[in-house]
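# I need the structure of the sequence given here:
(chains A and B)
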2 protein chains.
Amino acid sequence: MRKGLLFIISGPAGSGKGTVVNALLEAHPEITLSISATTRSPRPNEENGVHYHFISKEEFEKRIENGKMLEYATYNENYYGTPEKEVLEAMEAGKDVILEIEVAGAMQIKEKIKDSVAIMLTPPNKEVLEARLRGRGTETEEVIKWRLERAKEEIMLLPQYDYSVVNEDGLIDKCAEKIYKIIESEHQRTAYTKTIIEKFI
Amino acid sequence: MRKGLLFIISGPAGSGKGTVVNALLEAHPEITLSISATTRSPRPNEENGVHYHFISKEEFEKRIENGKMLEYATYNENYYGTPEKEVLEAMEAGKDVILEIEVAGAMQIKEKIKDSVAIMLTPPNKEVLEARLRGRGTETEEVIKWRLERAKEEIMLLPQYDYSVVNEDGLIDKCAEKIYKIIESEHQRTAYTKTIIEKFI
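Sure, this is the predicted structure:
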């Protein structure tokens, strides 16, 4: 059985990581997406175990204490994090797991799971980034400026990642396939193929 | 311009590396195959600069002395080797270069060019390896046994490579595509994509 590997797909707001990950999972449904846990309330269209694992603040804090969260962050006074158990179980079952997370969380996981593979998605340049952030049309100028600055700071962390892929406008599937090629070729690393040696003894 | 990278494709006799490399170059003619130099005489069907660079023993030894050979070996009292100039020039022109060489030479190059990517091709198991070596039908039992032993010893060096790919009988194109995925995904390494950062400053 081929070993399950962990791929962290991350990138700043405006990188389109959610859309790209959806395209990747649609084309390759054998890949497992890790579901985050959160303490915030579900929105009307959200299902427990599909969009998030909705858990209580007490349960979340207990898991942090017991080291059961691979990474976590707080946002608007709610916790968001990646439950370790689910990720490790899927990998042990031979499945590739994708974590789609924020840049700060990506760095926490890379630290904990050394052979995880960190991929940063970026927009092609700052003009496209700005157009995408403005395109949402829901935020004030101040918020847009802040998101733009934070996105730039996050992109500066690119050298800490293993791979980076540019997500061009209108080329979602191409971007998803580039990620898929990375997934496939990581499986060809001799770290995971050395059992072939046994077939020659 | 995308940076040209160096891929060493190697493997024991019976791995089918020549056939796989031909399939890869046919499907992706933008990739450059490095032509070896040799001091042996050309065979009737061989063309200088296509199959080999045919050079004199004096010229070959001068190049060794001047450090102009990336790797070399002797076989039947003739020299065989990889001229450095051609490889570096193609890479500087943004081309990916493939070296199809023996295992011993692969290790010499990996030592000299640290960011080269070494890929070992293997047969799926020892039974297929033996069938392939016998299938040539041109060698004595003694030679076959020796080649088989040497092939096994070479496969044991797999952990020193970056990637390995199994070449199954009848699946040449699939094997070539696995190598192509490795080539493509190596270009996504942050070591080669960090210039994207400049587009956000």
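
# for chain A, what helix or strand is lowest in average pLDDT?
helix A:103-112 (a mean of 89; mean pLDDT, DSSP states H and E).

# ok, and does it reach over to chain B?
No - using C-beta under 8 Å from any C-beta of the partner chain, helix A:103-112 stays clear of chain B, coming no nearer than 12.1 Å. Where C-beta positions appear, they are placed from N, C-alpha and C, glycine not excepted.

# and chain A, which of its residues are near chain B?
Residues of chain A lying near chain B (C-beta under 8 Å from any C-beta): A:119-120, A:122, A:124-126, A:129, A:151-152, A:155-156, A:158-166, A:178, A:181-182, A:184-186, A:188-190, A:193-194, A:196-197, A:199-201.

# that older thread, starting at the chain centroid, how far to the least confident helix or strand of chain A?
How far helix A:103-112 lies from its chain's middle: 10 Å, per C-alpha atoms, centre = their mean, to the nearest Å.

# using CSV, list the CA coordinates for whichever strand or helix holds residue A:59.
Element membership for residue A:59, per DSSP states H and E: helix A:57-65. Extracted C-alpha coordinates of helix A:57-65, given in CSV (Å, rounded to 0.1, in the frame of the first residue of the first chain):
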residue,chain,number,x,y,z
LYS,A,57,-15.1,25.9,23.8
GLU,A,58,-14.4,23.5,26.7
GLU,A,59,-13.8,20.6,24.3
PHE,A,60,-11.5,22.7,22.1
GLU,A,61,-9.4,23.9,25.1
LYS,A,62,-9.2,20.3,26.4
ARG,A,63,-7.8,19.2,23.0
ILE,A,64,-5.3,22.0,23.0
GLU,A,65,-4.1,21.0,26.5
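
# moving C-terminal of that helix, what's the next helix or strand?
Next along the chain from helix A:57-65, counting by DSSP H and E, comes strand A:69-75.

# quick one: mean pLDDT for that next one?
With pLDDT averaged residue by residue, strand A:69-75 scores 92.

# what helices or strands is that strand leaning on?
Secondary-structure packing of strand A:69-75 (3 or more C-beta pairs under 8 Å, 6 or more residues apart in numbering or on different chains; DSSP states H and E): helix A:57-65, strand A:78-83, helix A:84-92, helix A:103-112.

# winner for burial among the ones you listed?
strand A:78-83 (a mean of 20; mean count of other C-beta atoms under 10 Å in any protein chain shown).

# same question for it, mean pLDDT?
Rounded mean pLDDT across strand A:78-83 is 95.

# quickly list what residue A:122 is bridged to.
residue A:166 (DSSP bridges).

# right, and it touches residue A:158 too?
Yes - in this structure, residue A:122 is within contact of residue A:158 by C-beta atoms under 8 Å, at 7.3 Å.

# of the two, give the one with the bigger neighbour count.
Taking other C-beta atoms under 10 Å in any protein chain shown, residue A:122 and residue A:158 do not tie; residue A:122 has more neighbours (26 against 21).

# select only the buried ones of the residues of chain A next to chain B in ChimeraX?
Here is the ChimeraX command that picks out the buried ones among the residues of chain A next to chain B, judged by 16 or more other C-beta atoms under 10 Å in any protein chain shown:
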select /A:119,120,122,126,129,151,155,158,161,162,163,164,165,166,178,181,182,184,185,186,188,189,190,193,196,197,199,200
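
# about what we covered before: Serialize the helices and strands packed on strand A:69-75 to JSON lines and add fields for distance to residue B:174.
Shown next, in JSON lines, are the helices and strands packed on strand A:69-75 (distance: least, C-beta to C-beta, whole Å):
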{"stretch": "helix A:57-65", "distance to residue B:174": "43"}
{"stretch": "strand A:78-83", "distance to residue B:174": "35"}
{"stretch": "helix A:84-92", "distance to residue B:174": "25"}
{"stretch": "helix A:103-112", "distance to residue B:174": "32"}
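
# closest to residue B:110 out of those?
Proximity to residue B:110 (C-beta to C-beta) singles out helix A:103-112 among the helices and strands packed on strand A:69-75, at 25.9 Å.

# burial count for residue A:147?
20.

# before we move on, what about residue A:173?
13.

# helix or strand: which one has residue A:151?
helix A:141-155.

# quick one, that helix and helix A:103-112 angle?
Between helix A:141-155 and helix A:103-112, the angle comes out at 20 degrees (axes from the mean of the first three to the mean of the last three C-alpha atoms, to 10 degrees).

# who touches helix A:141-155?
Contact partners of helix A:141-155, identified using C-beta atoms under 8 Å, 6 or more residues apart in numbering or on different chains, comprise A:11-15, A:103, A:120, A:122, A:126, A:129-130, A:133-134, A:139, B:196-197, B:200-201.

# inside helices: which ones of those residues?
Mapping the contacts of helix A:141-155 onto helices (DSSP state H) picks out A:103, A:126, A:129-130, A:133-134.

# what's around residue A:153, how many residues?
Neighbour tally, residue A:153, other C-beta under 10 Å: 12.

# what's the spacing between it and residue A:75?
Per C-beta to C-beta, to the nearest Å, residue A:153 is found 17 Å from residue A:75.

# over to residue A:151?
Distance from residue A:151 to residue A:75, counting by C-beta to C-beta: 16 Å.

# next: residue A:114.
27 Å.

# please apply the same query to residue A:118.
Here residue A:118 is placed at a distance of 21 Å from residue A:75 (C-beta to C-beta).

# for residue A:28, same thing?
Distance from residue A:28 to residue A:75, by C-beta to C-beta: 30 Å.

# who has more neighbours, these two?
A direct count of neighbours by other C-beta under 10 Å for residue A:28 and residue A:75 places residue A:28 higher, at 16 against 10.
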